[in-house]
Structures are given as structure tokens and as C-alpha cells.
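In: Okay, structure incoming, though there's no sequence with it:
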């Protein structure tokens, strides 16, 4: 890939995103919908402006690596401990209900048992990006609703990492059981090593050179990519390694400063990931899965708010808070897209199942974002009274 083609690709991504994002804001849609649309329009299945599948895959992979690192970096240990019992009960029960629902719907539409299990697993997760992007900053940091949403999303992310590990083990060339056990043993090993390296090496470097922001930025990115590559070298994935790098850094006192300073980078790779997702989406095959995908999307949007509201009310949360949290978590997750990619690349599920997951996820992004924006406070709310930073 030469320099001009890389520049041309970046031009298409960000100039196109800025134009479509403007239209999305007028339509009161989440910006990630705009990024997917730009990728869809520029990808090989519509205009063909970007036609290299390897380049599209690389764009999406780099984007998800940094997104998972930043998600891990925001895993505040104190926040998680404070709401651990309530969030754990709600997350485990709701995830089981959503998985059973997705599994049942998939079986009804004739998917194999394996396809149905993976489809059911993808319904367990809500979108961290939609949930947090459409949450006012005041609610995110200073209100109980924000604390509960963050805790549930973080626990879901941890479950998603375990699911990815299982998929990697099952889809490997060796004995599936052996590979799963190997992965589950390697995860705490690399996590422990990364934690001690972060605590005894990174912390000292941060303290000594904390006045040089450029160095902090460089060291943080080096840490992310280093642990990602180490994870890949021992048989895990780059994505899991990046998440571990973020989690082990989250306990560092400088983590909040790093997370704030990396917000522009987060947005950069957010655009890259969803552009890659859209560019790799084959619209010609949507007609083959539109019915099961639509049923899954509607089931997620209707069932998730109901289940979360009932469980949170059971935990003595206020009715208004429980209802709003349910709606804000009422979509399928970007983690579900990653699960679909991993399961397809390892041959665990069929292309039809993968397309169903992708289509259902994108539908829930659009419908859920619109519902949240029209009804609750967000930075892009339709009603001026609901528009909050």
C-alpha cells in the first residue's frame, strides 16, 4: 500500500464522516451510525472507492484494539467494587435471559445449534459506546444512574472477553478443550505479569516524567501495543491483550488523566472501527437475513429495557432510574460484532449467522439511538430541555 493510497483512504474516512455526521446530527442519530454509513458507501459493495479487503480488515482491527484498550483503561476498580453485588446480580441474570432469547429465535429461524449459541451470546451485551456517548457528562460522573450503567457495561465487557477466549480455543487447530483450558490459564498469567509491570515499572516512569505529556502519550501507546503483541505471541488475541493493558493500567493514579488526554485518539479509532465495519458489510446479502435480524433487533430493543427495569427495581432502584437505564442499555454491542468476526474467522459459525448478527446489531444502534435521543437527556437531544453536556 503506497503513501498516496493511505492518504486517500484517510481522506475518504474523515471527510466523508464529517459530511455524513452533520446529516446524522440533524436527524438526531448517534454519530457511530454516520461512521458505519460512510464505510458502507465507500466500501467495495456499493461505490468501490475502497476495495481492498485486507486494508478494510486492518482498519477495523486497529480500531478495535485501541477501543478495547481505552475501555479497559476506564474500568475504575473503586467504581466496580462499590456496585459489585448489585451490578453482578443484574448483569448475570439479564445476560442469561438475553442469551436464551437469542438462542431460541435463532433456532426458530433454522440456524444450527452452534450458530444459535453464538447468536444468543451476542445478545448478552449492550453497547458501551452508545450507552456512554449518549449519556450526559454530569450523569456519567456524578449520578447513580451513570455509576450503575458503567458497572453493568464493565461486567458485560469482562464476560465478552471470556466468550472471545472460548471462541478462540474452540476454533483452534488443536483439541478445543485443551485450547480453552490453555487460554483460561494464560489469561490470569499475562494479566498478573502486566499488573506487576504496570505497578512497578510504568508507575515509576509516570512519576518521574509526568511533566512531559508527549512521553506519557508515547509510553501509554507503547504499553497498549506491547501487551497486545505479547498476548498474540502466546496464543491469545491482540484485542484481549489490549483490554488487559487497559485494565492493568486503570488502577494507576494517572489513569484518569491518561483517559482524558486520549479522548481524541479514542474518537479517531472509533471512526476507524465503525468505518471498517460498514465497509466490510455486504448489503447484497442482507435480504437473506433481514427477517431473523429484524426479529433479533426488535427483541433486543423491547426485551432489554423490560428486563433491566425489572431487575433494577428488584434491587430497590427508583422506577424512573430503572426505566431510563433499561432504555439506554437496550441495544446489541460492538463486542457482539467482534464475537461474530472471531467466530466466523475460526469457522465456528456460518456466514449467514455472522451477517445476521451484524445486521441486527446495526439495526439496534440506529433504533436505540433514536429512542434515547428523543426521550432522554443527551448531548444531541431533539428537545432543547433534554440537551445536556
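Out: Received the coordinates, thanks. Nothing here was measured: the structure is a model prediction, and the numbers come from that model. Numbering: from 1, shown residues only.
In: which one is residue 43 nearest to, not counting chain neighbours?
Out: residue 279 (3.3 Å; C-beta to C-beta, 6 or more residues apart in numbering). For every residue, glycine as well, the C-beta is placed using N, CA and C.
In: mind listing what that neighbour touches?
Out: When the contact criterion is C-beta atoms under 8 Å, 6 or more residues apart in numbering, the partners of residue 279 are 39-40, 42-44, 50, 56, 59.
In: for residue 20, same thing?
Out: When contacts are counted by C-beta under 8 Å, 6+ apart, residue 20 touches 34-35, 37-38, 41.
In: Go again with 10 Å.
Out: Residue 20 sits next to 29, 31, 33-41 when contact means C-beta atoms under 10 Å, 6 or more residues apart in numbering.
In: nearest residue to it other than its sequence neighbours?
Out: Nearest residue to residue 20, sequence neighbours excluded (C-beta to C-beta, 6+ apart): residue 34, at 4.3 Å.
In: what separates that neighbour from residue 330, distance-wise?
Out: When distance is defined by C-beta to C-beta, to the nearest Å, residue 34 is 20 Å away from residue 330.
In: try residue 257
Out: Here the distance between residue 257 and residue 330 works out to 33 Å (C-beta to C-beta).
In: again, but for residue 181
Out: Between residue 181 and residue 330 the distance, using C-beta to C-beta, works out to 36 Å.
In: higher neighbour count, the two?
Out: More neighbours surround residue 330 than the other of residue 181 and residue 330, with 25 against 12 (other C-beta atoms under 10 Å).
In: Using just helix, strand and coil, how would you label the more buried one?
Out: Residue 330 falls in the coil class when you classify it by DSSP: H, G, I helix; E, B strand; the rest coil.
In: need the contact list for the residue lying closest to it once chain neighbours are set aside.
Out: Distance criterion C-beta to C-beta, 6+ apart; nearest residue to residue 330, sequence neighbours excluded, is residue 304 at 4.2 Å. Contact analysis of residue 304 by C-beta under 10 Å, 6+ apart lists 94, 97-98, 101, 123, 126, 326-332, 364, 368.
In: which residues of the stretch 51-200 of the chain fall in helices?
Out: Defined through DSSP state H, counting those that start in this stretch, the helices belonging to the stretch 51-200 of the chain, from first to last, are 53-73, 77-82, 84-108, 113-122, 128-133, 137-142, 144-170, 176-197.
In: Could you check the angle the first one makes with helix 144-170?
Out: For helix 53-73 against helix 144-170, the angle by axes from the mean of the first three to the mean of the last three C-alpha atoms, to 10 degrees is 130 degrees.
In: now helix 53-73: mean pLDDT?
Out: For helix 53-73, the mean per-residue pLDDT is 74.
In: got it, and the fourth one?
Out: Mean pLDDT, taken over the full extent of helix 113-122, equals 94.
In: Just the buried positions in it, please.
Out: With burial defined by 16 or more other C-beta atoms under 10 Å, the residues of helix 113-122 counted as buried are 115-122.
In: Can you pull out the low-pLDDT segments for the stretch 101-250 of the chain?
Out: Low-confidence segments of the stretch 101-250 of the chain, defined by pLDDT under 70, are located at 137-143, 171-180.
In: quick one, longest helix in the chain?
Out: Counting by DSSP state H, the longest helix found in the chain is helix 286-314.
In: can you redo the helices of the stretch 51-200 of the chain as JSON lines with distance to residue 21?
Out: Formatted as JSON lines, the helices of the stretch 51-200 of the chain follow (distance: least, C-beta to C-beta, whole Å):
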{"stretch": "helix 53-73", "distance to residue 21": "16"}
{"stretch": "helix 77-82", "distance to residue 21": "30"}
{"stretch": "helix 84-108", "distance to residue 21": "30"}
{"stretch": "helix 113-122", "distance to residue 21": "26"}
{"stretch": "helix 128-133", "distance to residue 21": "12"}
{"stretch": "helix 137-142", "distance to residue 21": "20"}
{"stretch": "helix 144-170", "distance to residue 21": "24"}
{"stretch": "helix 176-197", "distance to residue 21": "36"}
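In: For residue 377, which of those helices is the nearest?
Out: Within these, the stretch nearest residue 377 is helix 137-142; the backing value is 7.1 Å (C-beta to C-beta).
In: So what angle separates the directions of the longest helix of the chain and helix 113-122?
Out: With the same axes, to 10 degrees defining the directions, helix 286-314 sits at 50 degrees from helix 113-122.
In: Show me the helices in the stretch 251-389 of the chain, by range?
Out: When assigned using DSSP H, counting those that start in this stretch, the helices of the stretch 251-389 of the chain occupy the ranges 255-261, 263-279, 286-314, 319-328, 334-345, 351-375.
In: Count the residues that sit near residue 5.
Out: Here the count is done by other C-beta under 10 Å, and residue 5 has 12 residues near it.
In: That one contacts residue 55, correct?
Out: Yes - taking C-beta atoms under 10 Å as the definition, residue 5 is a contact partner of residue 55 at 8.2 Å.
In: hang on, the earlier thing: wait, which of the helices of the stretch 251-389 of the chain is closest to residue 90?
Out: Relative to residue 90, the nearest member of the helices of the stretch 251-389 of the chain by C-beta to C-beta is helix 286-314, separated by 4.6 Å.
In: Can you give me the buried ones in stretch 93-105?
Out: 94-95, 97-99, 101-103, 105.
In: And residue 148, how far from residue 215?
Out: According to C-beta to C-beta, residue 148 and residue 215 sit 37 Å apart.
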